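Student: I'd like to go over a predicted model; first the sequence, then the structure.
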Amino acid sequence: MAITAKNIFDNSYRYEALFNYASLGIIIVNEEAIIQSINPFALDLFKYTIDEILGNKIELLIPQRYHHNHGNYRNNYIHKPNNRPMGVGLDLFGMKKDGTEFPVEVSLSHYNDKEGKHVIAFISDISIRKKAEAKLEELNNNLESTVEYRTKQLKEAMLELEHSKEELSILLEKEKELNELKSGFISMASHEFRTPLSTVLSSAYLVEKYTTTEDQPKRLKHIQRIISSVQMLTDILNDFLSVGKIEEGKIQVRLSSFNIQDLINNLVRELENNAKKGQEITYVHQGNAAVVLDPVLLKHIMMNLISNAVKYSPEDSAITIHSYGNKSSIKICIKDEGIGISEEDQKHLMQRFFRGANVTNIQGTGLGLHIVAKYAELMNGTIQCKSVVNQGSEFIVALPNNLEIL
């Protein structure tokens, strides 16, 4: 049977869908900490049936050793409620029906109605993240051991090669690169995952506040924010995986014959949904449209470059795409009217983790252009950038056409 949040979703099927099909646990308790509502995701998370859990206190889902302190914490929250993450700086645990404990992340919200005060808990199982953090810690320790070992080697080399400044300079540069790579990865991973997760939680909370037909535009706005944030997390994870595969040499070029005009037209139609207000994406092809390339790699290159043009361009601006083809080569130009890139930043644009000085307030990992440059290189092609700050950018992709191979 469908499970609805009492006195919150007002029989609206949209709110029932949000509650029933949310990909995180949602539990509503009253001011006595009695569980009033729970969504299917949370039931599956804790392995209870709805009849077993409704009417029980929230401590049913918390390990016994935390019960005493938790009573004080929740009473304090009921008297002075505010929307915030729970247990900042602490490790929180939930307990399944069979007594199994698992790490959780909890965010709290509240509301009042004629029945009194209510607290909403958004619960995520972070077991996978904790395992990833353990792996990251192991990687960090290994990197520190590597740095320590190589530093020892460096000191020995300095004694042996005190007359060879050039060789010492090379060793120092390698150490610097290793440290920068380590710092960049840890900093990006810790920051980029937190921002979209916070957006999802805050938007989910705000959606429930809009209960009338007139509020539909506001609901749609926050639902779109949730969708965009989930897509952002997916993109970040895909970037991590792509960089790893590139470094390990696991990306294989698979050539096939296809129509490049059809591929780019389909991409443009797909990405138009993400365009800002008034942005117009136009595409024109000239010459031969039949190509033999890797369509997966090319699609990734084009999706990244067009998405960047949308992201870094203002509303009511034009984004133009031109492709030119003949039997031996393909050239694609993506031009925007965005914020542009300085000459100094253009020198480092394709490096891992690099982001321009004028995009620090825009979400990004600094991996996208590095990946597409590598993909172009795998297909024996190049990517060139022409840009002036505040006057837009143009990216030119040049690839060999392999029509004679197939």
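Tutor: Structure received.

Student: I'd like the average pLDDT over the helix or strand containing Glu138.
Tutor: Element membership for Glu138 (DSSP states H and E) is helix 127-160. For helix 127-160, mean pLDDT is 83.

Student: swap in stretch 263-275?
Tutor: The predicted model gives stretch 263-275 an average pLDDT of 89.

Student: how far does that stretch sit from the chain's center?
Tutor: Mean-position distance between stretch 263-275 and its chain equals 20 Å (C-alpha atoms, centre = their mean, to the nearest Å).

Student: show me what counts as buried in it.
Tutor: Leu263, Ile264, Leu267, Val268, Leu271, Ala275 (16 or more other C-beta atoms under 10 Å). Yep, even glycine has a C-beta here, placed from its N, CA and C like the rest.

Student: element containing the residue nearest to the fifth one when sequence neighbours are not counted, please.
Tutor: Excluding the flanking residues, the one nearest Leu271 by C-beta to C-beta, 6 or more residues apart in numbering is Ile306, at 5.3 Å. Secondary-structure element containing Ile306, defined by DSSP H and E: helix 295-311.

Student: just the buried positions in that helix, please.
Tutor: The neighbour-count check on helix 295-311 (16+ other C-beta under 10 Å) flags 295, 297-298, 300-306, 308-311 as buried.

Student: so in the protein, which strand runs the longest?
Tutor: Assignment by DSSP state E gives strand 101-113 as the longest strand of the chain.

Student: in that strand, what counts as buried?
Tutor: Neighbour count says strand 101-113 has Pro103, Val104, Glu105, Val106, Ser107, Leu108, Ser109 buried, by 16+ other C-beta under 10 Å.

Student: okay, now the sheet partners of the helix or strand that the helix holding Ile306 is followed by, with direction.
Tutor: As assigned by DSSP H and E, the chain's next helix or strand after helix 295-311 is strand 318-325. Partners of strand 318-325 in the sheet, by DSSP bridges, are strand 280-287 (parallel), strand 329-335 (antiparallel).

Student: need the residues that contact the first one.
Tutor: Translated: strand 280-287. 260-261, 264-265, 268, 271-272, 275, 306, 310, 317-326 (C-beta atoms under 8 Å, 6 or more residues apart in numbering).

Student: show the average pLDDT along it.
Tutor: The average pLDDT within strand 280-287 is 94.

Student: angle of it against helix 295-311?
Tutor: 140 degrees (axes from the mean of the first three to the mean of the last three C-alpha atoms, to 10 degrees).

Student: please name the nearest non-neighbouring residue to Gly71.
Tutor: Glu59 is the one closest to Gly71 (C-beta to C-beta, 6+ apart), at 7.5 Å.

Student: touching, that neighbour and His70? I think so.
Tutor: Yes. Glu59 is within contact range of His70, at 6.2 Å (criterion: C-beta atoms under 8 Å).

Student: any weak-confidence spans in the stretch 51-200 of the chain?
Tutor: 87-89, 161, 163-168, 170-171, 174-200 (pLDDT under 70).

Student: one step back: which helices and strands does the longest strand of the chain pack with?
Tutor: Under the contact definition 3 or more C-beta pairs under 8 Å, 6 or more residues apart in numbering; DSSP states H and E, strand 101-113 sits against strand 84-85, strand 92-95, strand 116-125, helix 127-160.

Student: adding distance to Gly287, write these out as CSV.
Tutor: Output for the helices and strands packed on strand 101-113, formatted as CSV (distance: least, C-beta to C-beta, whole Å):
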stretch, distance to Gly287
strand 84-85, 55
strand 92-95, 60
strand 116-125, 51
helix 127-160, 47
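
Student: out of these, flag the one nearest Tyr15.
Tutor: Among these, the nearest to Tyr15 by C-beta to C-beta is strand 116-125 (12.5 Å).

Student: export the closest one to PDB, keeping only CA atoms.
Tutor: Taking Å, rounded to 0.1, in the frame of the first residue of the first chain, the C-alpha atoms of strand 116-125 are listed here in PDB:
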ATOM      1  CA  GLY A 116       1.700  20.000  17.500                       C
ATOM      2  CA  LYS A 117       5.300  20.100  16.600                       C
ATOM      3  CA  HIS A 118       6.800  17.600  14.100                       C
ATOM      4  CA  VAL A 119      10.400  16.800  13.100                       C
ATOM      5  CA  ILE A 120      11.400  15.400   9.700                       C
ATOM      6  CA  ALA A 121      14.600  13.400   9.500                       C
ATOM      7  CA  PHE A 122      16.300  12.800   6.100                       C
ATOM      8  CA  ILE A 123      18.500   9.700   6.400                       C
ATOM      9  CA  SER A 124      21.200   8.400   4.100                       C
ATOM     10  CA  ASP A 125      23.100   5.200   4.400                       C
END
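
Student: can you list contacts of it?
Tutor: Under the contact criterion C-beta under 8 Å, 6+ apart, strand 116-125 has outside partners 7-8, 24-31, 36, 42, 45, 58, 74, 77-78, 81, 86, 94, 102-112, 201, 204-205, 208.
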